[in-house]
Each structure stands twice: as structure tokens, then as C-alpha cells.
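Novice: After the sequence you'll find the predicted model.
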Amino acid sequence: MERYQLYGGGGSPYSQKMRAILHYRRLPFDWIQITPAIRSQIQHDGPPVIPILRLPEDQSLHVDSTPLAFKLEERHSDRSIIPDDPAMAFLSNLIEDLGDEWVTKMMFHYRWDLEIDQVYSSRQIVSDNSPRLRGDDLKQAAEAIRQRQVGRMPLVGCTKQNKPIIESSFHELLAILDTFATRDEFIFGTRPSLADFGLFGQLKTLASDHTPMLIMRNTVPSVYDWVRRLEDSSGIEGEWHDFADMRPAVSELLKFSARYYLPFLKANANAHAEGADTMTVDLAGRIFEQPTFKYQVKCYDRLRKLLRNEQVEALRDLLAETGCLQYLE
């Protein structure tokens, strides 16, 4: 089999997610750390984001980690990351989306909130994407990255007002994962799903940055180890659970989604439809506010469409019991 090429960054959660998927699926690929020079050489029609996947047969370039994961599903049948049960597949999509669009707020918050994390993260990013910089040149470039990213915090909802919500949801998520995280256990069985990889991408970054790394190591070392191992799970052989035998953590993740992510998605979609510049919503008893975000409207529409296409009574019962259904119908 010819080799894929994956362009990404060590500090990019979506790059980490795709690299881990390629490892698990045992697909041959080259990992290429993106630099400004490399980026100028690769032209594609999508947005200027990473990771970028180059297909081996025609050298075409493709972006956006979730569509990339499904593109691999279309191209390869072995070691799928989509559960066989359609109802479980929907839940995997929901939890993956939670990772991509809510847990990323945790990642961005902890990376740029405290000075110690700002200094570490900005230097790490520059060290990866501009490898020839050293000394004062590296410090100046890192400071420019730091100022830019700290300035973007309000755009993604990482504000002083929202800090308690983001941090409490981080600790709640870790506690849920800690109920099952061992060497060979994953959300939907003894093999990893798209949901696992969606959470992994963000948690891998959190487990690398100073403050959240210490939180994970000191409070949930089993989760820290679970994330560390999932980076390369090519040796994992496992099975999916039956829908009726899903672990309790699935229900807890759905309740978590109903507390934080789904009401956020609905409020954002409503605000966008009304032409509002900002959205406001009560999440777990606290007010969360940020600018409206068009991409997350697409995420919300996709989840609702997927549910409309999946008329399984047991799935709808579970979504109702966990508080999710009211946001998805």
C-alpha cells in the first residue's frame, strides 16, 4: 500500500487525533511537521487549518479531522473506528463532536490562561514550526504567538466569566473517564472508536501542557496513562460492546453533553439564526457567553440530521433519559 502523508503540528489536537487514528488503523503514513515554508508549498481548496492529509494515489490534499476520519472509513474496511451497531455509531459521533467542539475550549483555556502555560506553549509551537529559530529570535517569535493566541481567547469563549464553567467541566469529564480508563478499555468496548479519538486529541494536548498535565497526573493518573497509550494503539485487538451492555460511562458522557455541550450548541444556533453577534446560555447553573460561531451551527445540524436518520427506539430512550433528546429533536 502506498503511503499517506499527514501534515500537522505537535501542539494541534486535531493533528494528534488523526495521527492516532492512522496508527490504530495500521495505515502507512509519513508524519510531516508543518512549517511556514511547507505550508506555502501545499495548496488546497479548504480552509488553512491542520491537519492536512495527502492521498497517495493522486496527491490530493484534504482537511478537517472528522471528514478525514470518515474518508478513511470509505477507503479501508479493516479496523474501523465506527461501532457496528448504528445506535452506538450515533453516540460515537455525538461524543466525538463533544471532544472537537467543547473539550477544545478546555484545551485552549488551559493553554493560554496562566502565564506559565502561555510561555511554555508559545515556545513549543514555535520550536515545532520554525525549527531553525534559536535564542532571541525564538523568544520574539514565541512572544508574537503568545500575544496573538491570548488575544483570541474571547473568540472561543475562554474568558474570565466562563473560566469556572470550563474548568469544572474539565474535572467532571476526567472523573467520568476515570471510571473505566485502563489499558485495554475504551468508551464502546475493548477497541477505540471515533469518540475515543475525538476526546484523545484534546486530552493529549492537555496532558502535554503544564497546568492541565499536573492536574491529570495528580488527580486521574489512570486517565493520563490511557491518553498516553492511545497515541499509538496499533497493537490493540478488541471488540465492541452490545448496545444493551454499554458501560455506565456512556450514560454519564451523555448527561455531561446535556449539561454543557448540547445546550451550548442550541443557543449558538438560535443566536446565529437571529443574526446575533453573541450567544448566552445557562450551563450547569452558570451563564456562558461568547460570540456566535457558524461552524458549530453546522455541527448541530449534522447531529440532528444523523438522529433523524436513525430511528432506533432504544437509542431515543437513552437520549431522553440522559437529557440529550430535547436538544436533538
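Specialist: On my side now, so go ahead.
Novice: before we move on, which element is A271 in?
Specialist: Take DSSP states H and E as the rule and A271 turns out to sit in helix 262-273.
Novice: mean confidence score for the helix or strand following that helix?
Specialist: Next along the chain after helix 262-273, taking DSSP H and E as the criterion, comes strand 278-283. With pLDDT averaged residue by residue, strand 278-283 scores 98.
Novice: Could you check the angle the helix holding A271 makes with strand 278-283?
Specialist: Angle, helix 262-273 to strand 278-283, by axes from the mean of the first three to the mean of the last three C-alpha atoms, to 10 degrees: 160 degrees.
Novice: chain center to helix 262-273: distance?
Specialist: Here helix 262-273 shows a centroid-to-chain-centroid distance of 19 Å under the convention C-alpha atoms, centre = their mean, to the nearest Å.
Novice: which residues touch that helix?
Specialist: Applying C-beta atoms under 8 Å, 6 or more residues apart in numbering, the contact partners of helix 262-273 are 101-102, 278-283, 288, 292-294, 296-297, 299-301, 303, 324, 327-328. To be clear about C-beta, it is placed using only N, CA and C from the backbone, and glycine gets the same treatment.
Novice: List buried residues within those residues.
Specialist: Using 16 or more other C-beta atoms under 10 Å as the burial test, the contacts of helix 262-273 include 101-102, 279, 281, 283, 288, 292-293, 296-297, 299-300, 303, 324, 327-328 as buried.
Novice: Where strands are concerned, which of the residues you listed count?
Specialist: In this view, the buried ones among the contacts of helix 262-273 that belong to strands under DSSP state E are 279, 281, 283, 288.
Novice: Widest-spaced pair of these?
Specialist: Using C-beta to C-beta, the two most remote members of those are M279 and L283, lying 11.4 Å apart.
Novice: Flag the shaky bits of this structure, pLDDT-wise.
Specialist: Flagging of the chain using pLDDT under 70 yields the residue ranges 1.
Novice: which residues of it fall in strands?
Specialist: Assigned by DSSP E, the chain shows strands spanning 4-8, 29-33, 52-54, 61-63, 278-283, 286-291.
Novice: helices and strands around the second one, which ones?
Specialist: Read it as strand 29-33. Contacts defined by 3 or more C-beta pairs under 8 Å, 6 or more residues apart in numbering; DSSP states H and E place strand 29-33 against strand 4-8.
Novice: Then the third one?
Specialist: Identification of packing neighbours for strand 52-54 by 3+ C-beta pairs under 8 Å, 6+ apart yields strand 4-8, strand 61-63.
Novice: So what touches it?
Specialist: Residues from elsewhere that reach strand 52-54 (C-beta under 8 Å, 6+ apart): 4-8, 18, 34, 42, 44, 60-63, 68, 71.
Novice: Could you single out the nearest of these to L230?
Specialist: Once C-beta to C-beta is applied, the member of the contacts of strand 52-54 that ends up nearest L230 is M18, at 13.0 Å.
Novice: Quick one: residues contacting the residue lying closest to that closest one once chain neighbours are set aside.
Specialist: Distance criterion C-beta to C-beta, 6 or more residues apart in numbering; nearest residue to M18, sequence neighbours excluded, is P51 at 4.7 Å. P51 is in contact with 6-8, 12, 14-15, 18-19, 63, 65, 68, counting by C-beta under 8 Å, 6+ apart.
Novice: For the residues you listed, which entry has the maximal number of neighbours?
Specialist: M18 (29 neighbours; other C-beta atoms under 10 Å).
Novice: Settle this for me: that residue is touching G8, isn't it.
Specialist: Yes: using C-beta atoms under 8 Å, M18 is in contact with G8, at 6.9 Å.
Novice: K255: how many residues sit nearby?
Specialist: Using other C-beta under 10 Å, K255 is surrounded by 16 other residues.
Novice: same thing with L315?
Specialist: By other C-beta under 10 Å, 20 other residues sit near L315.
Novice: any idea how far it is from M246?
Specialist: Going from L315 to M246 by C-beta to C-beta, to the nearest Å gives 11 Å.
Novice: for the buried ones among the contacts of helix 262-273, which one is nearest V250?
Specialist: For the buried ones among the contacts of helix 262-273, the nearest to V250 is C324 (11.4 Å; C-beta to C-beta).
Novice: Alright, calling it a day.
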